[in-house]
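Trainee: sequence first, predicted coordinates after that:
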Amino acid sequence: MLPEQHIVGSAEPLSPEETRERLQALAAWGVDLSLVEASLSRTPTERVQRMVGLLKVVEELKRGYAAARTTQEPDANR
Amino acid sequence: MNMLPEDLFAHLVAEHVDFVIIGGFGAVILGVPIVTQDIDLAYNPASENIRRLARALEPLHPRLRVLGVPDEEARTWPFRLDERQLRQASIFTLVTDAAELDLMSSVPGVGDYAAVKAAAIEVALFGHHVLTLDLPGIIAAKRTANRPKDLLTLPQIETALRLREQKKREE
């Protein structure tokens, strides 16, 4: 990604038309608007619970990967 | 470690700690679909509040989080996050039994604790009413931090802000 392609977030007030254009630019940059919209439809507690669930999956994957490496490389820790 | 944010907030609310959730965790609370491994909090540095903060965190066994040092080793260090420690510095990078936790009494890009609180909104979280720095403040803080990891989340944070604005106009 080139620096000039990176949209630096802004919080300046925008008109409705500017907001639409800005959202189009953010989608073109790669933001999945439907994911953000889905997240906004949840309660704050649901959003945090969902993120904590994702973290648990990542931890499990890390543990599984580490266990598989130990099994495949029995001499690695000697 | 598993993140148990409900435990952390239950202790903070029970002790009436004056705090504002900031950073990536605040963004998640406000609808930004990102994942963050720690919780960042701004706290009121007034003496009474520091006492409450120390009391609230004590049952969660706060210890220092240092790059390259395993938590097992950090647990053995003679560190105690008490009032004295909290008065000696304004930024702490910690691990607790509930979450990895960063504490600070001001937020670059937003200001001192009063400014952070003025830029916060109240949300219901795990049955408690807590303050979270609103999205414009989170954007200002991340733009000031200017680290690649902060800059990468800015488009998603701004998208949540713009969609929220659009929805408000339609209502």
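Mentor: That came in fine, so what should we check first? Numbering: from 1, shown residues only, chains lettered A, B, ... in the order given.
Trainee: quick check: residue B:38 touching residue B:22?
Mentor: No: no contact is recorded between residue B:38 and residue B:22 when judged using Cβ atoms under 8 Å, the distance being 11.2 Å. Backbone N, C-alpha and C define where each C-beta goes, glycine included.
Trainee: which one of these two is surrounded by more residues?
Mentor: The residue with the greater number of neighbours, taking residue B:38 and residue B:22 and applying other Cβ atoms under 10 Å in any protein chain shown, is residue B:22; the counts read 25 against 16.
Trainee: what sits against residue B:160?
Mentor: By Cβ atoms under 8 Å, 6 or more residues apart in numbering or on different chains, residue B:160 lies in contact with A:36, A:39-40, B:27, B:30-32, B:135.
Trainee: quick check, nearest of those to residue B:54?
Mentor: Closest to residue B:54 out of the contacts of residue B:160 is residue B:27 (27.3 Å), distances taken as Cβ to Cβ.
Trainee: could you give the number of residues near that closest one?
Mentor: Around residue B:27 sit 27 other residues, with neighbours defined as other Cβ under 10 Å.
Trainee: what strand or helix carries it?
Mentor: helix B:23-29 (DSSP states H and E).
Trainee: what does that helix rub up against?
Mentor: So helix B:23-29 is in contact with A:44, A:47-48, A:51, B:5, B:20-21, B:34-36, B:38-40, B:102, B:123, B:125, B:132-133, B:135, B:138, B:141, B:153, B:156-157, B:160, going by Cβ under 8 Å, 6+ apart.
Trainee: cool, and stretch B:47-59?
Mentor: When contacts are defined by Cβ under 8 Å, 6+ apart, stretch B:47-59 is touched by residues B:11-12, B:14-19, B:43, B:81-83, B:85-87, B:96-97, B:101, B:103.
Trainee: is any residue of the helix or strand where residue A:50 lies near chain B?
Mentor: Element membership for residue A:50 (DSSP H and E) is helix A:44-72. Yes: between helix A:44-72 and chain B, judged by Cβ under 8 Å from any Cβ of the partner chain, the touching residues are A:44-45, A:47-48, A:51-52, A:54-56, A:58-59.
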